[in-house]
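Asker: requesting a structural model of the entry that follows:
(one chain, ligands or ions: 2)
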Amino acid sequence: MNDKNLIIFDTTLRDGEQSPGASMDVNEKMKIAIALEELNVDIIEAGFPIASAGDFKSVQEISKIITGSSICALARALDKDISTAAESLRDAKFPRIHTFIATSPIHMEKKLKMTPGKVLSTAVAAIELAKTFTDDIEFSPEDAGRSELKFLCEVIEAAINAGAKTINIPDTVGYNLPHQFGELIKNIISNVSNSDKAIFSVHCHNDLGLAVGNSLSAVLNGARQVECTINGLGERAGNAALEEIVMTVRTRQDVFKCDTSINSKKILKCSRLVSSITGFPVQPNKAIVGKNAFAHESGIHQDGIIKSRETYEIMRAEDIGLASNSLVLGKHSGRNAFKQKLIDLNIMPKDDIAFDDLFYRFKDLADKKHEIFDEDLINLSSNVKVSVNLINFNYMNIVTETNKKPHAHVKLSINGILEEAKATGDGAVDAAYNAIESIVKSGCKLTLYSVNNITSGTDAQGEVTVRITKNNSVFNGHGADTDIVKASILALVNALNKFKENPEANSSKKRGI
Ligand code: KIV
Ligand code: ZN
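Answerer: Ligands and ions are numbered 1, 2, ... in the order given. Got it, this is the predicted structure:
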(Lines give C-alpha, C1' and ligand atoms only; values in the text may rest on other atoms or scores of the structure.)
(Ligands and ions follow the chains in the order given, each with its own letter.)
Protein backbone atom coordinates (compact mmCIF):
# COMPACT_ATOMS: atom_id res chain seq x y z
CA MET A 1 0.00 0.00 0.00
CA ASN A 2 1.19 3.50 -0.84
CA ASP A 3 1.08 5.39 2.46
CA LYS A 4 0.84 8.70 0.65
CA ASN A 5 -2.40 7.85 -1.12
CA LEU A 6 -5.65 8.65 0.70
CA ILE A 7 -8.38 6.53 -0.90
CA ILE A 8 -11.69 8.30 -1.54
CA PHE A 9 -14.75 6.05 -1.26
CA ASP A 10 -17.84 7.96 -2.34
CA THR A 11 -21.17 6.81 -0.96
CA THR A 12 -23.44 9.55 -2.38
CA LEU A 13 -25.42 6.93 -4.31
CA ARG A 14 -25.90 4.67 -1.27
CA ASP A 15 -25.74 6.46 2.11
CA GLY A 16 -26.42 9.78 0.33
CA GLU A 17 -29.58 8.39 -1.18
CA GLN A 18 -30.70 7.27 2.30
CA SER A 19 -31.14 10.97 3.03
CA PRO A 20 -34.89 11.46 3.54
CA GLY A 21 -36.36 12.73 0.26
CA ALA A 22 -33.20 12.22 -1.83
CA SER A 23 -34.29 9.24 -3.89
CA MET A 24 -32.86 9.15 -7.41
CA ASP A 25 -33.78 7.10 -10.44
CA VAL A 26 -31.41 4.84 -12.36
CA ASN A 27 -30.57 7.46 -15.03
CA GLU A 28 -29.85 10.09 -12.43
CA LYS A 29 -27.61 7.71 -10.52
CA MET A 30 -25.75 6.86 -13.71
CA LYS A 31 -25.22 10.55 -14.39
CA ILE A 32 -23.78 11.04 -10.91
CA ALA A 33 -21.61 7.93 -11.27
CA ILE A 34 -20.11 9.36 -14.49
CA ALA A 35 -19.41 12.66 -12.70
CA LEU A 36 -17.77 10.77 -9.81
CA GLU A 37 -15.59 8.84 -12.24
CA GLU A 38 -14.53 12.15 -13.85
CA LEU A 39 -13.78 13.45 -10.37
CA ASN A 40 -11.48 10.42 -10.07
CA VAL A 41 -12.95 8.91 -6.92
CA ASP A 42 -11.33 5.56 -6.19
CA ILE A 43 -14.49 3.68 -5.22
CA ILE A 44 -18.15 4.42 -5.94
CA GLU A 45 -20.61 2.75 -3.56
CA ALA A 46 -23.44 2.48 -6.07
CA GLY A 47 -26.23 1.07 -3.90
CA PHE A 48 -27.65 -1.57 -1.59
CA PRO A 49 -28.92 -4.11 -4.17
CA ILE A 50 -31.08 -6.23 -1.84
CA ALA A 51 -33.01 -3.13 -0.71
CA SER A 52 -35.09 -2.62 -3.86
CA ALA A 53 -35.33 -3.47 -7.55
CA GLY A 54 -34.26 0.11 -8.32
CA ASP A 55 -31.10 -0.21 -6.21
CA PHE A 56 -30.22 -3.51 -7.88
CA LYS A 57 -30.67 -2.04 -11.37
CA SER A 58 -28.64 1.06 -10.52
CA VAL A 59 -25.65 -0.99 -9.37
CA GLN A 60 -26.01 -3.23 -12.43
CA GLU A 61 -26.14 -0.33 -14.93
CA ILE A 62 -23.36 1.64 -13.22
CA SER A 63 -21.18 -1.51 -13.27
CA LYS A 64 -21.57 -1.66 -17.06
CA ILE A 65 -20.41 1.89 -17.78
CA ILE A 66 -17.79 2.80 -15.18
CA THR A 67 -14.27 1.54 -15.74
CA GLY A 68 -12.15 4.16 -13.99
CA SER A 69 -13.39 3.58 -10.41
CA SER A 70 -14.16 0.42 -8.42
CA ILE A 71 -17.89 -0.21 -8.01
CA CYS A 72 -19.05 -1.28 -4.59
CA ALA A 73 -22.35 -2.82 -3.48
CA LEU A 74 -23.51 -2.95 0.13
CA ALA A 75 -24.75 -6.17 1.76
CA ARG A 76 -25.72 -7.12 5.29
CA ALA A 77 -23.90 -10.18 6.62
CA LEU A 78 -26.57 -12.41 5.09
CA ASP A 79 -26.23 -14.94 2.27
CA LYS A 80 -29.06 -13.48 0.15
CA ASP A 81 -27.68 -9.93 0.48
CA ILE A 82 -24.22 -11.05 -0.57
CA SER A 83 -25.30 -13.14 -3.55
CA THR A 84 -27.60 -10.31 -4.74
CA ALA A 85 -24.76 -7.80 -4.40
CA ALA A 86 -22.46 -10.14 -6.35
CA GLU A 87 -25.07 -10.57 -9.09
CA SER A 88 -25.53 -6.80 -9.46
CA LEU A 89 -21.76 -6.35 -9.78
CA ARG A 90 -21.35 -9.03 -12.44
CA ASP A 91 -20.27 -6.56 -15.17
CA ALA A 92 -18.08 -4.36 -12.98
CA LYS A 93 -14.44 -4.08 -14.01
CA PHE A 94 -13.35 -3.65 -10.38
CA PRO A 95 -16.15 -5.05 -8.13
CA ARG A 96 -16.14 -4.63 -4.36
CA ILE A 97 -18.59 -6.15 -1.87
CA HIS A 98 -19.06 -4.20 1.36
CA THR A 99 -20.61 -6.31 4.10
CA PHE A 100 -21.48 -5.16 7.59
CA ILE A 101 -22.83 -6.24 10.96
CA ALA A 102 -23.21 -4.23 14.15
CA THR A 103 -20.76 -4.72 17.03
CA SER A 104 -21.95 -2.25 19.68
CA PRO A 105 -23.67 -3.71 22.78
CA ILE A 106 -26.91 -1.80 22.09
CA HIS A 107 -27.15 -2.91 18.44
CA MET A 108 -26.23 -6.55 19.19
CA GLU A 109 -28.69 -6.83 22.06
CA LYS A 110 -31.64 -4.73 20.89
CA LYS A 111 -31.48 -4.83 17.09
CA LEU A 112 -29.76 -8.08 16.13
CA LYS A 113 -30.61 -10.06 19.28
CA MET A 114 -27.33 -11.90 18.84
CA THR A 115 -24.55 -12.76 21.24
CA PRO A 116 -21.10 -11.28 20.50
CA GLY A 117 -19.90 -14.79 19.55
CA LYS A 118 -22.72 -15.12 16.99
CA VAL A 119 -21.95 -11.68 15.55
CA LEU A 120 -18.30 -12.65 15.11
CA SER A 121 -19.06 -15.97 13.40
CA THR A 122 -21.73 -14.34 11.17
CA ALA A 123 -19.22 -11.69 10.06
CA VAL A 124 -16.61 -14.33 9.22
CA ALA A 125 -19.12 -16.46 7.28
CA ALA A 126 -20.29 -13.42 5.30
CA ILE A 127 -16.76 -12.44 4.34
CA GLU A 128 -15.93 -16.01 3.33
CA LEU A 129 -19.01 -16.15 1.11
CA ALA A 130 -18.29 -12.73 -0.43
CA LYS A 131 -14.73 -13.91 -1.15
CA THR A 132 -16.12 -16.55 -3.49
CA PHE A 133 -17.35 -13.74 -5.78
CA THR A 134 -14.54 -11.16 -5.61
CA ASP A 135 -11.25 -10.61 -3.87
CA ASP A 136 -12.07 -7.03 -2.97
CA ILE A 137 -14.03 -7.28 0.27
CA GLU A 138 -14.72 -4.47 2.70
CA PHE A 139 -16.06 -5.19 6.16
CA SER A 140 -17.73 -2.69 8.52
CA PRO A 141 -18.43 -3.32 12.20
CA GLU A 142 -21.51 -1.07 12.29
CA ASP A 143 -21.67 1.39 15.20
CA ALA A 144 -17.95 0.83 15.83
CA GLY A 145 -17.88 4.29 17.41
CA ARG A 146 -19.90 2.90 20.35
CA SER A 147 -18.41 -0.62 20.42
CA GLU A 148 -16.12 -2.06 23.11
CA LEU A 149 -12.53 -1.87 21.92
CA LYS A 150 -11.58 -5.42 22.92
CA PHE A 151 -14.49 -7.05 21.08
CA LEU A 152 -14.12 -4.69 18.13
CA CYS A 153 -10.48 -5.72 17.74
CA GLU A 154 -11.39 -9.43 17.95
CA VAL A 155 -13.99 -9.06 15.17
CA ILE A 156 -11.62 -7.04 13.00
CA GLU A 157 -8.80 -9.57 13.43
CA ALA A 158 -11.17 -12.41 12.45
CA ALA A 159 -12.49 -10.38 9.50
CA ILE A 160 -8.97 -9.83 8.15
CA ASN A 161 -8.16 -13.52 8.61
CA ALA A 162 -11.34 -14.36 6.68
CA GLY A 163 -10.16 -12.22 3.77
CA ALA A 164 -11.41 -8.65 4.23
CA LYS A 165 -8.96 -6.29 2.55
CA THR A 166 -10.53 -3.07 3.85
CA ILE A 167 -11.81 -2.56 7.38
CA ASN A 168 -14.17 0.36 7.64
CA ILE A 169 -14.80 1.91 11.06
CA PRO A 170 -18.17 3.67 11.08
CA ASP A 171 -19.26 6.26 13.58
CA THR A 172 -22.80 5.29 12.63
CA VAL A 173 -24.63 7.70 14.89
CA GLY A 174 -22.12 10.57 14.75
CA TYR A 175 -21.38 10.32 18.48
CA ASN A 176 -17.59 10.57 18.59
CA LEU A 177 -15.37 13.60 19.11
CA PRO A 178 -12.32 14.12 16.88
CA HIS A 179 -9.64 13.35 19.51
CA GLN A 180 -11.57 10.21 20.62
CA PHE A 181 -12.13 8.92 17.12
CA GLY A 182 -8.48 9.45 16.16
CA GLU A 183 -7.46 7.59 19.31
CA LEU A 184 -9.89 4.75 18.43
CA ILE A 185 -8.27 4.29 15.01
CA LYS A 186 -4.77 4.37 16.51
CA ASN A 187 -5.76 1.79 19.18
CA ILE A 188 -7.39 -0.53 16.65
CA ILE A 189 -4.37 -0.45 14.35
CA SER A 190 -1.95 -1.13 17.21
CA ASN A 191 -4.06 -3.81 18.96
CA VAL A 192 -5.11 -5.88 15.94
CA SER A 193 -2.24 -8.30 15.28
CA ASN A 194 -2.84 -8.56 11.50
CA SER A 195 -3.69 -4.87 10.94
CA ASP A 196 -0.85 -4.56 8.42
CA LYS A 197 -2.83 -6.86 6.09
CA ALA A 198 -5.74 -4.41 5.63
CA ILE A 199 -6.46 -0.83 4.75
CA PHE A 200 -8.30 1.04 7.49
CA SER A 201 -11.19 3.22 6.44
CA VAL A 202 -13.58 5.55 8.27
CA HIS A 203 -17.24 6.42 7.73
CA CYS A 204 -18.46 9.30 9.89
CA HIS A 205 -21.94 10.69 10.29
CA ASN A 206 -22.58 14.34 10.99
CA ASP A 207 -25.14 14.31 13.82
CA LEU A 208 -22.98 16.67 15.91
CA GLY A 209 -21.44 18.43 12.91
CA LEU A 210 -18.16 16.53 13.42
CA ALA A 211 -18.10 14.10 10.48
CA VAL A 212 -15.29 15.86 8.62
CA GLY A 213 -13.31 16.60 11.80
CA ASN A 214 -13.59 12.99 12.95
CA SER A 215 -12.59 11.63 9.53
CA LEU A 216 -9.53 13.88 9.35
CA SER A 217 -8.48 13.01 12.88
CA ALA A 218 -8.69 9.35 11.83
CA VAL A 219 -6.47 10.06 8.82
CA LEU A 220 -3.87 11.62 11.12
CA ASN A 221 -3.99 8.39 13.12
CA GLY A 222 -3.53 5.89 10.32
CA ALA A 223 -6.79 5.67 8.32
CA ARG A 224 -6.05 5.41 4.59
CA GLN A 225 -9.59 5.47 3.18
CA VAL A 226 -12.34 8.00 3.87
CA GLU A 227 -16.00 7.35 3.07
CA CYS A 228 -17.79 10.51 2.16
CA THR A 229 -20.51 12.06 0.00
CA ILE A 230 -20.89 15.04 -2.30
CA ASN A 231 -22.29 18.03 -0.37
CA GLY A 232 -22.28 15.86 2.79
CA LEU A 233 -25.53 14.19 1.74
CA GLY A 234 -26.54 11.16 3.83
CA GLU A 235 -28.71 9.53 6.44
CA ARG A 236 -30.06 12.08 8.99
CA ALA A 237 -27.54 14.96 9.27
CA GLY A 238 -25.46 13.39 6.52
CA ASN A 239 -21.96 11.99 6.02
CA ALA A 240 -18.55 13.65 5.83
CA ALA A 241 -18.50 16.00 2.80
CA LEU A 242 -16.10 14.78 0.11
CA GLU A 243 -15.19 18.30 -1.00
CA GLU A 244 -14.22 19.33 2.55
CA ILE A 245 -12.07 16.23 3.13
CA VAL A 246 -10.29 16.57 -0.21
CA MET A 247 -9.63 20.31 0.01
CA THR A 248 -8.52 20.21 3.66
CA VAL A 249 -5.99 17.49 2.98
CA ARG A 250 -4.74 19.30 -0.13
CA THR A 251 -4.63 22.74 1.48
CA ARG A 252 -2.91 21.54 4.66
CA GLN A 253 -0.14 19.44 3.17
CA ASP A 254 2.03 20.75 6.03
CA VAL A 255 -0.04 18.53 8.36
CA PHE A 256 -1.27 15.67 6.18
CA LYS A 257 1.44 13.46 4.78
CA CYS A 258 -0.93 12.00 2.18
CA ASP A 259 -3.13 13.27 -0.65
CA THR A 260 -6.06 12.03 -2.74
CA SER A 261 -6.17 11.46 -6.52
CA ILE A 262 -9.26 13.67 -6.84
CA ASN A 263 -9.42 16.05 -9.78
CA SER A 264 -10.55 18.95 -7.61
CA LYS A 265 -11.47 21.08 -10.65
CA LYS A 266 -14.55 18.86 -11.06
CA ILE A 267 -15.79 19.37 -7.49
CA LEU A 268 -18.16 22.25 -8.20
CA LYS A 269 -19.71 20.57 -11.22
CA CYS A 270 -20.36 17.43 -9.19
CA SER A 271 -21.79 19.40 -6.29
CA ARG A 272 -24.20 21.25 -8.61
CA LEU A 273 -25.24 18.03 -10.30
CA VAL A 274 -26.07 16.29 -7.01
CA SER A 275 -27.90 19.35 -5.75
CA SER A 276 -29.94 19.68 -8.93
CA ILE A 277 -30.84 15.97 -9.08
CA THR A 278 -31.84 15.67 -5.43
CA GLY A 279 -33.41 19.14 -5.21
CA PHE A 280 -31.36 19.77 -2.05
CA PRO A 281 -29.90 23.28 -2.38
CA VAL A 282 -26.38 23.90 -1.09
CA GLN A 283 -26.40 26.49 1.68
CA PRO A 284 -24.63 29.69 0.51
CA ASN A 285 -22.03 29.58 3.30
CA LYS A 286 -21.27 25.86 2.86
CA ALA A 287 -17.49 25.28 2.89
CA ILE A 288 -15.87 24.83 -0.55
CA VAL A 289 -19.04 24.64 -2.71
CA GLY A 290 -21.39 27.26 -1.23
CA LYS A 291 -22.11 30.30 -3.44
CA ASN A 292 -20.34 32.54 -0.93
CA ALA A 293 -17.36 30.28 -0.28
CA PHE A 294 -15.13 32.48 -2.45
CA ALA A 295 -17.12 35.73 -2.34
CA HIS A 296 -15.75 38.75 -0.51
CA GLU A 297 -18.26 41.33 0.61
CA SER A 298 -16.61 43.62 3.13
CA GLY A 299 -14.50 46.54 1.90
CA ILE A 300 -11.52 45.54 4.04
CA HIS A 301 -11.53 42.01 2.61
CA GLN A 302 -11.98 43.21 -0.98
CA ASP A 303 -9.13 45.67 -0.55
CA GLY A 304 -6.91 42.92 0.86
CA ILE A 305 -7.77 40.51 -1.98
CA ILE A 306 -6.97 43.13 -4.62
CA LYS A 307 -3.55 43.76 -3.00
CA SER A 308 -2.77 40.08 -2.51
CA ARG A 309 -5.18 37.16 -2.88
CA GLU A 310 -3.57 35.23 -0.01
CA THR A 311 -4.62 37.89 2.52
CA TYR A 312 -8.09 36.36 2.76
CA GLU A 313 -8.05 33.23 0.60
CA ILE A 314 -6.48 29.91 1.56
CA MET A 315 -7.56 28.12 -1.65
CA ARG A 316 -7.94 29.20 -5.24
CA ALA A 317 -11.47 29.27 -6.61
CA GLU A 318 -10.09 27.76 -9.86
CA ASP A 319 -8.99 24.65 -7.95
CA ILE A 320 -12.59 23.58 -7.33
CA GLY A 321 -13.67 24.46 -10.86
CA LEU A 322 -14.92 28.01 -10.30
CA ALA A 323 -13.26 30.38 -12.76
CA SER A 324 -11.78 33.43 -11.01
CA ASN A 325 -13.57 35.77 -13.38
CA SER A 326 -16.90 34.10 -13.70
CA LEU A 327 -18.46 36.45 -16.28
CA VAL A 328 -18.16 34.58 -19.52
CA LEU A 329 -20.00 34.71 -22.78
CA GLY A 330 -22.82 36.60 -24.47
CA LYS A 331 -25.15 36.05 -27.42
CA HIS A 332 -22.48 37.07 -29.93
CA SER A 333 -19.88 34.57 -28.71
CA GLY A 334 -18.87 32.10 -31.37
CA ARG A 335 -18.18 28.38 -31.32
CA ASN A 336 -14.44 28.80 -30.66
CA ALA A 337 -14.90 31.02 -27.64
CA PHE A 338 -17.57 28.63 -26.42
CA LYS A 339 -15.32 25.60 -26.92
CA GLN A 340 -12.44 27.31 -25.07
CA LYS A 341 -14.74 28.18 -22.17
CA LEU A 342 -15.88 24.57 -21.91
CA ILE A 343 -12.23 23.47 -21.77
CA ASP A 344 -11.54 26.04 -19.02
CA LEU A 345 -14.51 24.70 -17.06
CA ASN A 346 -13.52 21.08 -17.66
CA ILE A 347 -16.81 20.41 -19.43
CA MET A 348 -16.25 17.80 -22.12
CA PRO A 349 -19.23 16.97 -24.35
CA LYS A 350 -18.84 13.34 -25.35
CA ASP A 351 -19.03 13.97 -29.12
CA ASP A 352 -19.80 16.65 -31.74
CA ILE A 353 -23.55 16.09 -31.43
CA ALA A 354 -23.42 16.70 -27.67
CA PHE A 355 -21.27 19.78 -28.28
CA ASP A 356 -23.77 21.18 -30.83
CA ASP A 357 -26.68 20.48 -28.50
CA LEU A 358 -24.95 22.39 -25.71
CA PHE A 359 -24.00 25.24 -28.05
CA TYR A 360 -27.58 25.71 -29.25
CA ARG A 361 -28.95 25.60 -25.72
CA PHE A 362 -26.34 28.21 -24.74
CA LYS A 363 -27.49 30.42 -27.66
CA ASP A 364 -31.12 30.06 -26.59
CA LEU A 365 -30.20 31.12 -23.10
CA ALA A 366 -28.05 34.01 -24.34
CA ASP A 367 -31.08 35.32 -26.22
CA LYS A 368 -32.94 35.66 -22.94
CA LYS A 369 -30.15 36.55 -20.59
CA HIS A 370 -27.63 39.32 -21.19
CA GLU A 371 -24.70 37.82 -19.31
CA ILE A 372 -23.93 34.13 -19.21
CA PHE A 373 -21.92 33.03 -16.19
CA ASP A 374 -19.83 29.92 -15.61
CA GLU A 375 -22.56 28.63 -13.31
CA ASP A 376 -25.06 28.88 -16.18
CA LEU A 377 -22.83 26.77 -18.41
CA ILE A 378 -22.16 24.23 -15.67
CA ASN A 379 -25.90 23.94 -15.20
CA LEU A 380 -26.63 23.69 -18.92
CA SER A 381 -24.07 20.90 -19.24
CA SER A 382 -25.60 18.96 -16.34
CA ASN A 383 -29.22 19.32 -17.37
CA VAL A 384 -30.86 15.94 -17.41
CA LYS A 385 -32.58 15.20 -20.70
CA VAL A 386 -35.09 12.48 -21.46
CA SER A 387 -34.20 10.83 -24.76
CA VAL A 388 -37.58 10.81 -26.55
CA ASN A 389 -40.17 13.06 -24.97
CA LEU A 390 -43.77 11.99 -25.16
CA ILE A 391 -44.89 15.28 -23.63
CA ASN A 392 -43.42 18.58 -24.80
CA PHE A 393 -44.06 22.06 -23.51
CA ASN A 394 -45.52 24.36 -26.17
CA TYR A 395 -47.09 27.52 -24.71
CA MET A 396 -48.06 29.22 -21.48
CA ASN A 397 -50.04 32.31 -20.56
CA ILE A 398 -50.10 33.08 -16.85
CA VAL A 399 -52.10 35.91 -15.34
CA THR A 400 -51.61 37.02 -11.75
CA GLU A 401 -53.44 40.05 -10.41
CA THR A 402 -53.94 41.45 -6.93
CA ASN A 403 -57.09 40.05 -5.25
CA LYS A 404 -57.76 37.61 -8.11
CA LYS A 405 -56.97 33.92 -8.32
CA PRO A 406 -53.97 33.30 -10.61
CA HIS A 407 -54.94 31.84 -13.93
CA ALA A 408 -52.94 29.64 -16.31
CA HIS A 409 -53.44 28.63 -19.94
CA VAL A 410 -51.00 25.87 -20.95
CA LYS A 411 -50.48 24.02 -24.23
CA LEU A 412 -48.58 20.74 -24.39
CA SER A 413 -47.87 18.51 -27.31
CA ILE A 414 -48.65 14.91 -26.36
CA ASN A 415 -47.30 12.38 -28.82
CA GLY A 416 -47.22 15.15 -31.44
CA ILE A 417 -50.83 16.28 -30.82
CA LEU A 418 -51.41 19.73 -29.35
CA GLU A 419 -53.59 19.78 -26.23
CA GLU A 420 -54.47 22.70 -24.01
CA ALA A 421 -56.12 23.51 -20.69
CA LYS A 422 -56.93 26.47 -18.49
CA ALA A 423 -56.93 26.36 -14.69
CA THR A 424 -56.68 28.51 -11.59
CA GLY A 425 -54.58 27.85 -8.51
CA ASP A 426 -53.16 29.24 -5.28
CA GLY A 427 -50.27 30.79 -7.17
CA ALA A 428 -48.95 31.00 -10.72
CA VAL A 429 -47.13 27.67 -10.48
CA ASP A 430 -50.07 25.93 -8.83
CA ALA A 431 -52.39 27.18 -11.60
CA ALA A 432 -49.99 25.98 -14.31
CA TYR A 433 -49.63 22.58 -12.59
CA ASN A 434 -53.41 22.23 -12.34
CA ALA A 435 -53.70 22.95 -16.07
CA ILE A 436 -51.01 20.37 -16.88
CA GLU A 437 -52.65 17.71 -14.72
CA SER A 438 -55.99 18.28 -16.40
CA ILE A 439 -54.29 17.50 -19.73
CA VAL A 440 -52.05 14.60 -18.64
CA LYS A 441 -54.31 13.03 -15.96
CA SER A 442 -51.36 11.26 -14.37
CA GLY A 443 -52.81 10.93 -10.86
CA CYS A 444 -49.30 11.59 -9.51
CA LYS A 445 -48.75 13.47 -6.26
CA LEU A 446 -46.24 16.33 -6.09
CA THR A 447 -43.95 15.46 -3.17
CA LEU A 448 -41.13 17.94 -3.70
CA TYR A 449 -40.88 21.36 -5.30
CA SER A 450 -37.62 23.24 -4.93
CA VAL A 451 -36.31 26.40 -6.61
CA ASN A 452 -32.70 27.47 -6.70
CA ASN A 453 -31.21 30.47 -8.44
CA ILE A 454 -28.23 29.51 -10.55
CA THR A 455 -26.59 32.94 -10.56
CA SER A 456 -27.61 36.20 -8.90
CA GLY A 457 -29.72 39.04 -10.32
CA THR A 458 -33.34 39.22 -11.41
CA ASP A 459 -32.46 37.83 -14.86
CA ALA A 460 -30.77 34.78 -13.28
CA GLN A 461 -31.88 31.33 -14.37
CA GLY A 462 -34.09 29.65 -11.83
CA GLU A 463 -33.62 25.93 -11.52
CA VAL A 464 -36.63 23.95 -10.40
CA THR A 465 -36.57 20.37 -9.14
CA VAL A 466 -39.81 18.47 -8.62
CA ARG A 467 -40.58 15.00 -7.40
CA ILE A 468 -43.85 13.24 -8.21
CA THR A 469 -44.96 9.89 -6.83
CA LYS A 470 -47.54 7.27 -7.60
CA ASN A 471 -47.87 3.75 -6.15
CA ASN A 472 -44.47 3.98 -4.44
CA SER A 473 -42.70 4.94 -7.66
CA VAL A 474 -40.77 8.20 -7.62
CA PHE A 475 -39.94 10.47 -10.59
CA ASN A 476 -37.68 13.52 -10.40
CA GLY A 477 -37.89 16.34 -12.91
CA HIS A 478 -35.66 19.34 -13.58
CA GLY A 479 -36.13 22.54 -15.50
CA ALA A 480 -34.17 25.77 -15.76
CA ASP A 481 -35.18 29.07 -17.30
CA THR A 482 -34.97 32.77 -16.64
CA ASP A 483 -38.76 32.63 -16.13
CA ILE A 484 -39.46 30.73 -12.93
CA VAL A 485 -42.98 29.61 -13.96
CA LYS A 486 -41.62 28.22 -17.22
CA ALA A 487 -38.79 26.48 -15.32
CA SER A 488 -41.47 24.97 -13.06
CA ILE A 489 -43.49 23.74 -16.05
CA LEU A 490 -40.38 22.25 -17.69
CA ALA A 491 -39.51 20.44 -14.46
CA LEU A 492 -42.98 18.90 -14.15
CA VAL A 493 -43.04 17.93 -17.83
CA ASN A 494 -39.62 16.30 -17.39
CA ALA A 495 -40.91 14.23 -14.44
CA LEU A 496 -44.15 13.34 -16.27
CA ASN A 497 -42.17 12.08 -19.27
CA LYS A 498 -40.30 9.70 -16.99
CA PHE A 499 -43.57 8.58 -15.43
CA LYS A 500 -45.18 7.98 -18.83
CA GLU A 501 -42.12 6.10 -20.07
CA ASN A 502 -42.32 3.56 -17.26
CA PRO A 503 -44.88 4.14 -14.47
CA GLU A 504 -43.54 1.18 -12.49
CA ALA A 505 -39.90 2.30 -12.60
CA ASN A 506 -37.94 3.60 -9.63
CA SER A 507 -40.06 1.94 -7.04
CA SER A 508 -38.95 3.35 -3.73
CA LYS A 509 -40.40 0.36 -1.94
CA LYS A 510 -37.59 -1.19 0.08
CA ARG A 511 -37.74 -4.88 0.81
CA GLY A 512 -38.08 -4.78 4.59
CA ILE A 513 -34.49 -4.08 5.63
O1 KIV B 1 -23.32 4.39 8.99
C2 KIV B 1 -23.04 3.19 8.86
O3 KIV B 1 -22.66 2.49 9.81
C4 KIV B 1 -23.16 2.62 7.53
C5 KIV B 1 -22.57 1.25 7.34
C6 KIV B 1 -23.38 0.43 6.42
C7 KIV B 1 -21.15 1.39 6.90
O8 KIV B 1 -23.61 3.27 6.62
ZN1 ZN C 1 -23.62 5.45 7.11
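
Asker: quick one: low-confidence parts of the stretch 1-150 of the chain?
Answerer: 1-2 (pLDDT under 70).

Asker: which stretches of it form strands?
Answerer: Using DSSP state E, counting those that start in this stretch, the strands found in the stretch 1-150 of the chain span residues 7-10, 43-47, 70-76, 95-102, 137-142.

Asker: quick one: those as a markdown table, columns for distance to residue 322 and mean neighbour count too.
Answerer: Where C-beta positions appear, they are placed from N, C-alpha and C, glycine not excepted. What follows is the strands of the stretch 1-150 of the chain, written out as a markdown table (distance: least, Cβ to Cβ, whole Å; neighbours: other Cβ atoms under 10 Å):
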| stretch | distance to residue 322 | mean neighbour count |
| --- | --- | --- |
| strand 7-10 | 20 | 25 |
| strand 43-47 | 24 | 30 |
| strand 70-76 | 29 | 26 |
| strand 95-102 | 32 | 25 |
| strand 137-142 | 33 | 26 |
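
Asker: can you put those in a markdown table and add distance to residue 240?
Answerer: Putting those into a markdown table (distance: least, Cβ to Cβ, whole Å) gives the following:
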| stretch | distance to residue 240 |
| --- | --- |
| strand 7-10 | 11 |
| strand 43-47 | 13 |
| strand 70-76 | 17 |
| strand 95-102 | 16 |
| strand 137-142 | 15 |
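
Asker: pull up the residues of the stretch 151-300 of the chain that are close to ligand 1.
Answerer: 168, 170, 172, 203, 205 (Cβ under 6 Å from any ligand atom).

Asker: neighbour-wise, which of these leads?
Answerer: Within these, neighbour counts (other Cβ atoms under 10 Å) peak at residue 203, which reaches 30 neighbours.

Asker: dig out what it forms beta bridges with.
Answerer: residue 170, residue 227 (DSSP bridges).

Asker: next helix or strand past the least confident helix or strand in the chain by mean pLDDT?
Answerer: Least confident helix or strand of the chain, by mean pLDDT, DSSP states H and E, is strand 327-329 with a mean of 62. Of the helices and strands lying after strand 327-329 in sequence (DSSP states H and E), the nearest is helix 335-344.

Asker: and after that following helix, which helix or strand comes next?
Answerer: Sequence-wise, the next helix or strand downstream of helix 335-344 (DSSP H and E) is helix 352-368.

Asker: tilt between that next one and helix 335-344?
Answerer: Taking axes from the mean of the first three to the mean of the last three Cα atoms, to 10 degrees, one finds that helix 352-368 is oriented at 100 degrees with respect to helix 335-344.

Asker: can you list contacts of helix 352-368?
Answerer: 329-331, 333, 335, 338-339, 342, 347, 349, 372, 376-377, 380-381, 383, 459, 461, 481-482 (Cβ atoms under 8 Å, 6 or more residues apart in numbering).

Asker: try stretch 247-258
Answerer: 3-6, 212, 216, 219-220, 224, 259-260, 264, 267, 287-288, 314-315, 319-320.

Asker: try 10 Å this time
Answerer: 2-8, 212-213, 215-216, 219-220, 223-224, 226, 241, 259-260, 262, 264, 267, 287-289, 293, 314-316, 319-320 (Cβ atoms under 10 Å, 6 or more residues apart in numbering).

Asker: and that stretch, which residues are buried?
Answerer: 247-250, 256, 258 (16 or more other Cβ atoms under 10 Å).

Asker: next: stretch 14-22.
Answerer: Result for stretch 14-22 [16+ other Cβ under 10 Å]: buried residues 14-19, 22.

Asker: endpoints of it, how far apart?
Answerer: End-to-end distance for stretch 14-22: 11 Å, by Cα to Cα, to the nearest Å.

Asker: circling back to that earlier point, which ones among the contacts of stretch 247-258 are found in strands?
Answerer: 7-8, 226 (DSSP state E).

Asker: identify, from those residues, the entry nearest to residue 309.
Answerer: Nearest to residue 309 among the ones in strands among the contacts of stretch 247-258 is residue 8, at 27.4 Å by Cβ to Cβ.

Asker: pull up the gap between the closest one and residue 478, please.
Answerer: Noted for residue 8: a distance of 27 Å to residue 478, by Cβ to Cβ, to the nearest Å.
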